[in-house]
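Colleague: the following comprises the amino acid sequence and a computationally predicted model.
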Amino acid sequence: MHQYAAAYQVADRQLTLIDRMGVDAFIEQEIDEGEDEQEGVKYYWSVASELEGIDALYTLEVTVRWQSMGRAHAVRLDTRLNGKTTTVVLDAGQEV
């Protein structure tokens, strides 16, 4: 498999995991980096998150780095995911 394709798979796997568990739960775990080995190549991933200030919307940046033939390589994926809403229902349909 081409190393760039493998790196994108590592990033996609992390985004899928975050989406399944929920971005809020992921952030609470405070695990924002790790490594994955495929076909003898170590891929190091990291996730940066930023709350956008629009309800519970987060911007996520997943970066995957690796070394090959003495050179550094990297790919980055950016996306936005919704966390738990911060809307509070007071009574009879009023929202804050």
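Modeller: Structure received.
Colleague: neighbours around the closest residue to Trp45 other than its chain neighbours, how many?
Modeller: Closest residue in space to Trp45, ignoring its immediate chain neighbours: Val64 at 4.9 Å, by Cβ to Cβ, 6 or more residues apart in numbering. C-beta: built from backbone N, CA, C; applies to glycine. Residues within reach of Val64, counting by other Cβ atoms under 10 Å, total 25.
Colleague: same thing with the one 10 residues further on?
Modeller: By the other Cβ under 10 Å criterion, the neighbourhood of Ala74 contains 12 residues.
Colleague: dump stretch 42-62 to PDB, keeping only the CA atoms.
Modeller: In PDB, the C-alpha atoms belonging to stretch 42-62 read as follows (Å, rounded to 0.1, in the frame of the first residue of the first chain):
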ATOM      1  CA  LYS A  42       5.300   3.800  12.000                       C
ATOM      2  CA  TYR A  43       2.700   6.500  11.600                       C
ATOM      3  CA  TYR A  44       2.400   9.100  14.400                       C
ATOM      4  CA  TRP A  45      -1.000  10.800  14.700                       C
ATOM      5  CA  SER A  46      -2.100  13.800  16.600                       C
ATOM      6  CA  VAL A  47      -5.500  15.500  17.000                       C
ATOM      7  CA  ALA A  48      -6.000  19.200  17.800                       C
ATOM      8  CA  SER A  49      -9.400  20.400  18.700                       C
ATOM      9  CA  GLU A  50     -10.900  23.800  19.000                       C
ATOM     10  CA  LEU A  51     -14.400  24.800  20.300                       C
ATOM     11  CA  GLU A  52     -15.700  27.300  17.700                       C
ATOM     12  CA  GLY A  53     -18.000  29.200  20.100                       C
ATOM     13  CA  ILE A  54     -21.100  28.200  18.100                       C
ATOM     14  CA  ASP A  55     -23.000  25.900  20.500                       C
ATOM     15  CA  ALA A  56     -20.900  22.700  20.700                       C
ATOM     16  CA  LEU A  57     -19.200  22.900  17.300                       C
ATOM     17  CA  TYR A  58     -15.600  21.700  17.300                       C
ATOM     18  CA  THR A  59     -13.000  22.000  14.600                       C
ATOM     19  CA  LEU A  60     -10.700  18.900  14.600                       C
ATOM     20  CA  GLU A  61      -7.300  18.700  12.800                       C
ATOM     21  CA  VAL A  62      -5.800  15.200  12.500                       C
END
